[in-house]
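**Q** Sequence and predicted structure below; questions after.
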Amino acid sequence: EKSSNHLIVDAFTRLADLYEAQGQLRGNNQRFRARAFRVVASFIDKNFWHEIDHDMVQLLRLQPSVGKSITDCMIELLQRGRLGRLEELEADPDLRALALFREAHGIGGATAVRLVRAGYRTREELLARAEEAKLTPMQVKGLRLAPELAQRMPRAEAALIVDRVRRAALAVVPPASVTACGSFRRGKASCGDVDVLVAIPAGGFRGCHRVLCRVLDRLRADGFITDELNAPAPIPPDPALPAAGRGYDSGGEAREGGGGAAAAAVAPAFGPNLNPEGEVPLYTQEGFDENEQAMFAGVCKLEGEGRLHRRLDVKVYDRADEAAALLYFTGSGYFNRSMRFLAHKTGFTLTDRGIWPCTRVVTHLGEELKIKTGPRIECTEERDVFDVLNLEYMEPHERNVG
């Protein structure tokens, strides 16, 4: 069951999205109304640790950005659990078509508005007239896959997908640890997508990127990955490295860019931190940038009749970042925001990379800046992050909040 805070934040965010969509579609100016609901949703999301009740709603009226219309919506949500004006907007056929088209990968807001204005209302109609609607091949594919990707998968199927990624990762880096995150790790019976975290020793961004590319080569080779939504750039050949640094196929021939799919499928497993020839480290601290991320977002499909396409995210992190990354990608989203909020209030900053002592200053322009006042606090497991914040440890299944 949703908390009252999450109920309000979710409803106001959806309402803001619908007002913005209505303004784009019909040319009426709804951006100020949309902004009012979005500001309040953000304020509640970031600043409320305790549940909002009727008394607290009355206090919120003292905030300059919270008017009577907004507090009336809060009271309606607390009393009925739903919001009349939200239901009315979601029933609008034009807005429903707009939301339907935007679900498809490759169709953004402007394209969706163009399609609705042109009279399209269903996915089937749009696919049948794709050429006339001037859709790109990626947009057509996104429309076709949307119904499958919208279906939740049973936990057993998610476990098979995780196992495929685990085998590919361990073939590339045997000392890696591979963990399923998201709703799977929180013990849910079904999952909307599969999130897999791979942690490698002393990786840094350059090493994590290279390892991710090698893992993806293996998953592409047998057709497991069918579509790529956001993939890392291929490993470029590095003329400064000896040929061994570029990787080898099973015949000992150098393969540029980390190897093609066929080469990756037959390449021997790498040692703990060596390429097949043992001359150049596969992963290294060189080029490390804490703001870079080695991540893949795409679509996969298991073999077998009746299998559906499923969303797959793979992240590769340095082992030193594993505890914070595991906490971050396990979720839930509301739990994560609560943890970051508490860190903020107790003088820390918490990210997917770790936790640091931090202070915040406000510039003359009114902007808040975070300044780290010390080195990252070493956390080898999730429990250490809870200890830093003086919290009792919560098992993953206890984090299904919001």
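**A** Happy to help now that I have it.
**Q** longest helix in the protein, by residue count?
**A** Looking across the chain with DSSP state H, the single longest helix is helix 4-26.
**Q** same question for it, mean pLDDT?
**A** Helix 4-26 carries an average pLDDT of 88.
**Q** With stretch 145-157 instead?
**A** 94.
**Q** so how far is stretch 362-375 from its chain's centroid?
**A** 26 Å (C-alpha atoms, centre = their mean, to the nearest Å).
**Q** and that stretch, average pLDDT?
**A** Here the average pLDDT along stretch 362-375 is 86.
**Q** So what touches that stretch?
**A** Residues outside stretch 362-375 that contact it (C-beta atoms under 8 Å, 6 or more residues apart in numbering) are 349, 356-361. Placement of C-beta: from N, CA and C, glycine included.
**Q** Buried subset of these, written for PyMOL?
**A** PyMOL command restricting the contacts of stretch 362-375 to the buried ones, with burial defined by 16 or more other C-beta atoms under 10 Å:
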select buried, resi 349+356+357+358
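**Q** I'd like the contacts of stretch 362-375 as JSON lines, with secondary structure and distance to residue 3 appended.
**A** Shown next, in JSON lines, are these (DSSP: H, G, I helix; E, B strand; the rest coil; distance: C-beta to C-beta, whole Å):
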{"residue": "349", "secondary structure": "strand", "distance to residue 3": "25"}
{"residue": "356", "secondary structure": "strand", "distance to residue 3": "29"}
{"residue": "357", "secondary structure": "strand", "distance to residue 3": "30"}
{"residue": "358", "secondary structure": "strand", "distance to residue 3": "27"}
{"residue": "359", "secondary structure": "strand", "distance to residue 3": "30"}
{"residue": "360", "secondary structure": "strand", "distance to residue 3": "27"}
{"residue": "361", "secondary structure": "strand", "distance to residue 3": "32"}
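**Q** got TSV for the contacts of stretch 362-375, with distance to residue 209 too?
**A** TSV is the format used below for the contacts of stretch 362-375 (distance: C-beta to C-beta, whole Å):
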residue	distance to residue 209
349	25
356	24
357	29
358	27
359	32
360	32
361	34
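**Q** residue boundaries of the strands in the stretch 51-200 of the chain?
**A** 153-154, 177-180, 190-191, 194-200 (DSSP state E, counting those that start in this stretch).
**Q** Name the strands paired with the last one and say parallel or antiparallel.
**A** Taking DSSP bridges as the criterion, strand 194-200 pairs within the sheet with strand 177-180 (antiparallel), strand 310-318 (parallel).
**Q** Residue 227 falls within a helix, correct?
**A** No: with DSSP: H, G, I helix; E, B strand; the rest coil as the criterion, residue 227 is strand rather than part of a helix.
**Q** so what's the residue nearest to residue 66 when sequence neighbours are not counted up against?
**A** Spatially, and ignoring its direct neighbours in sequence, residue 66 is nearest to residue 60 (4.9 Å; C-beta to C-beta, 6 or more residues apart in numbering). Contacts for residue 60 (C-beta under 8 Å, 6+ apart) come out as 40, 52, 66, 71, 74.
**Q** From residue 18, how far out is residue 60?
**A** 22 Å (C-beta to C-beta, to the nearest Å).
**Q** what's the answer for residue 392, then?
**A** 39 Å.
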